[in-house]
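A.B. asks: fold the following.
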Amino acid sequence: MARSSEAGLAAAAGRCLSAAFAVDGSALGAAWGLPFAGTLLSIAVLPLLAPQVWHHHQGKVMAAWTLAFALPFAFTFGAATTAQALLHTLLAEYLPFIILLVALFTASGGIYVRGNLHGSPGLNTALMAIGAVLASLMGTTGASMLLIRPLIRANDNRKHVAHVVVFFIFIVSNAGGALTPLGDPPLFLGFLKGVDFFWTLKHILPETLFLVGALLAIFYVVDSYWYRREGVLPEDPTPDSPRFGLDGAVNLLPLAAIMALVLISGVWKPGINFMVWGTEVELQQIVRDGLLIVVIFVSLKITPAAVHEANQFSWAPMQEVAKLFIGIFVTMLPVLAMLKAGEAGAFAAVTRAVTGADGQPLPWAYFWFSGLLSSFLDNAPTYLVFFNLAGGDPQMLMGPLATTLAAISAGSVFMGANSYIGNAPNFMVKAIAEDRGIRMPSFFGYLLWSGGILLPLFVLITFIWMR
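C.D. replies: Numbers count the residues shown, from 1 in each chain. A predicted model of the protein is given here:
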């Protein structure tokens, strides 16, 4: 799932599979995945059945599911083993994840796109196309946080705009990040494993152009229908300035610093490590996360209050993401461990399903299994699971097995759009939209959107490229 959020998390995710769990996944039964299933069901069902309870107590619900995993695990494998696994999740995964998200959220929230923006189908489509390009340059989270606010503001004089946000998640928060390792955590993880920086650009460009182009075309048709049917409200709630510009443009410097820190942490390997109760913490991670915290405070300091006010900047969306994803990260640990165990694990059927009778990998199966699991699990370690299942040799995967690596890469990135929790910016965009008063589809409602629009496109991609 996950989230990730951009490349810095991928480095931590790589260590997740080797050190996150002190117990071999082959020793775990499928029942250990029940707390994770309960976490997903809570996110999906409680906002519908008990919205007030969910709104006020979602942190407690996540804590309950965390305990539903941790207590039985401690009873079975010991308190020390459990504490070690939880500490690893906190230090190596959750903190890098949430610090990076907060940094991107803060810096992008300090930039106000000023101008005479009116949410016509043409403008909305153009903004999403720009966002798709930016996603591979500054990451899906960075591009999403930069553009979602002006897009919402441009459409605040329209009655029904939830579909605009849904397509924004499809295009900017996911598909657009498929062309470089900076775009999405799985691709950065591949880069760290030896995949060339421009490999994905060369090998999944046609699939990405097809998916983004098709989504933009479908969106234009859908948005044009609602625009012609409803028009606009008599009065614009937030009249735009006639002059285009960026207020708080100084925050482009913190954004650039964030991208630089993420990239440097992936390529700078001083070989200095610290062990914290069995968890390896690398110097580059400490430097990156420490400097990201500095960037957060610098951004807050240099941003005029008027810019935050104009952007309706609020910490509520970030708080919601922080609460939910700590539960997700902890409860998905045994699921990832069982997947890592391959034929020896409870999910051995997945391993057999992606391999043909001749022992060769099946690209179409890798595309769908890596994609569907990435829809609900952290897509960075999920990518690594299937990368290793396919042999784990970057030279072989970039050469004779290039179609398989393309399938893993495309599935992990594209299908993060299948659910709200498939990628961190999905939920952040949803939270920001709801904070602005937009009534977004429920968890299952969003699955209907993704199932009706994305899955047929993925089927076409399968038949054209994943054979």
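A.B. asks: can you list the buried residues in stretch 358-376?
C.D. replies: Of all the residues in stretch 358-376, those buried under the rule 16 or more other C-beta atoms under 10 Å are 361-376. To be clear about C-beta, it is placed using only N, CA and C from the backbone, and glycine gets the same treatment.
A.B. asks: looking at the chain, which helix or strand is least sure?
C.D. replies: Lowest on mean pLDDT, DSSP states H and E among the helices and strands of the chain sits helix 6-19, with a mean of 44.
A.B. asks: where along the protein do the strands fall?
C.D. replies: Applying DSSP state E to the chain gives strands spanning 112-114, 245-247, 273-276, 279-282.
A.B. asks: for the last one, name the packing helices and strands.
C.D. replies: Under the contact definition 3 or more C-beta pairs under 8 Å, 6 or more residues apart in numbering; DSSP states H and E, strand 279-282 sits against helix 6-19, helix 79-88, strand 273-276.
A.B. asks: check the first one too.
C.D. replies: When contacts are defined as 3+ C-beta pairs under 8 Å, 6+ apart, strand 112-114 sits against helix 121-154, strand 245-247, helix 305-310.
A.B. asks: coming back round to it: so which of the strands of the chain is nearest residue 91?
C.D. replies: strand 279-282 (5.1 Å; C-beta to C-beta).
A.B. asks: returning to what we had before: among the strands of the chain, which is nearest residue 429?
C.D. replies: strand 112-114 (15.8 Å).
A.B. asks: ok, the closest one: who's next to it in the sheet?
C.D. replies: Strand 112-114 sits in its sheet next to strand 245-247 (antiparallel), going by DSSP bridges.
A.B. asks: which residues of this protein score low on pLDDT?
C.D. replies: For the chain, the stretches flagged by pLDDT under 70 are 1-23, 115-116, 231-243, 378.
A.B. asks: in stretch 263-270, what counts as buried?
C.D. replies: 263, 265-266.
A.B. asks: could you measure from residue 407 over to residue 69?
C.D. replies: Distance of residue 407 to residue 69, computed by C-beta to C-beta, to the nearest Å: 31 Å.
A.B. asks: on that earlier part again, so which of the strands of the chain is nearest residue 212?
C.D. replies: strand 112-114 (21.5 Å).
A.B. asks: so how far is the closest one from its chain's centroid?
C.D. replies: In terms of C-alpha atoms, centre = their mean, to the nearest Å, the centre of strand 112-114 is found 25 Å from the chain centre.
A.B. asks: more neighbours: residue 407 and residue 69, which one.
C.D. replies: Neighbours were tallied for residue 407 and for residue 69 using other C-beta atoms under 10 Å; the higher tally belongs to residue 407 (32 against 25).
A.B. asks: can I get the buried residues of stretch 263-270 in CSV including distance to residue 420?
C.D. replies: Formatted as CSV, those follow (distance: C-beta to C-beta, whole Å):
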residue, distance to residue 420
263, 28
265, 28
266, 27
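A.B. asks: which single one of the residues you listed is nearest to residue 90?
C.D. replies: Nearest to residue 90 among those: residue 265, at 18.2 Å, using C-beta to C-beta.
A.B. asks: would TSV of the strands of the chain with mean neighbour count and distance to residue 60 be doable?
C.D. replies: Listed next are those as TSV, based on neighbours: other C-beta atoms under 10 Å; distance: least, C-beta to C-beta, whole Å:
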stretch	mean neighbour count	distance to residue 60
strand 112-114	22	35
strand 245-247	14	39
strand 273-276	11	28
strand 279-282	18	27
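A.B. asks: which of these sits closest to residue 28?
C.D. replies: Ranking the strands of the chain by their distance to residue 28 (criterion: C-beta to C-beta) puts strand 279-282 first, at 20.0 Å.
A.B. asks: given the closest one, what are its sheet partners and their directions?
C.D. replies: Using DSSP bridges, strand 279-282 pairs in its sheet with strand 273-276 (antiparallel).
A.B. asks: which other residues reach the partner strand?
C.D. replies: Strand 273-276 is contacted from outside by 87, 91, 280-283, 286, using C-beta atoms under 8 Å, 6 or more residues apart in numbering.
A.B. asks: distance between that strand and the chain's centre?
C.D. replies: 28 Å.
A.B. asks: cool, and stretch 389-398?
C.D. replies: 24 Å.
A.B. asks: farthest pair in the contacts of strand 273-276?
C.D. replies: Among the contacts of strand 273-276, 87 and 283 lie farthest apart (C-beta to C-beta), at 18.4 Å.
A.B. asks: right, and residue 413 touches residue 382 too?
C.D. replies: No: taking C-beta atoms under 8 Å as the definition, residue 413 is not a contact partner of residue 382, at 11.0 Å.
A.B. asks: shared neighbours of the two, anything?
C.D. replies: Common neighbours of residue 413 and residue 382 (C-beta under 8 Å, 6+ apart) are 186, 374.
A.B. asks: so residue 397 touches residue 195, yeah?
C.D. replies: Yes: between residue 397 and residue 195 there is a contact under C-beta under 8 Å: 7.3 Å.
A.B. asks: between the two, which one's more packed in?
C.D. replies: residue 397 (25 against 22).
A.B. asks: residue 211 versus that one, what's the distance?
C.D. replies: 22 Å.
A.B. asks: what ranges does the stretch 251-400 of the chain have for its helices?
C.D. replies: Applying DSSP state H, counting those that start in this stretch to the stretch 251-400 of the chain gives helices spanning 252-267, 283-302, 305-310, 316-331, 333-340, 348-353, 363-374, 379-389, 394-398.
A.B. asks: of all those helices, which one is nearest residue 466?
C.D. replies: Per C-beta to C-beta, nearest to residue 466 of the helices of the stretch 251-400 of the chain: helix 363-374, 4.3 Å.
A.B. asks: got the angle between the closest one and helix 333-340?
C.D. replies: 170 degrees (axes from the mean of the first three to the mean of the last three C-alpha atoms, to 10 degrees).
A.B. asks: doesn't residue 419 make contact with residue 443?
C.D. replies: Yes: Residue 443 lies in contact with residue 419 (C-beta under 8 Å); the separation is 7.2 Å.
A.B. asks: neighbour count for these two, which is higher?
C.D. replies: Neighbour count, other C-beta under 10 Å: between residue 443 and residue 419, residue 419 has more, with 24 against 20.
A.B. asks: OK, contacts around the closest residue to that one other than its chain neighbours?
C.D. replies: Leaving aside its sequence neighbours, residue 419 sits nearest to residue 375 (C-beta to C-beta, 6 or more residues apart in numbering; 5.0 Å). Neighbour list for residue 375: 1, 415-416, 418-419, 422 [criterion: C-beta under 8 Å, 6+ apart].
A.B. asks: using JSON lines, lay out those residues together with distance to residue 79.
C.D. replies: Formatted as JSON lines, the contacts of residue 375 follow (distance: C-beta to C-beta, whole Å):
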{"residue": "1", "distance to residue 79": "27"}
{"residue": "415", "distance to residue 79": "37"}
{"residue": "416", "distance to residue 79": "35"}
{"residue": "418", "distance to residue 79": "37"}
{"residue": "419", "distance to residue 79": "34"}
{"residue": "422", "distance to residue 79": "33"}
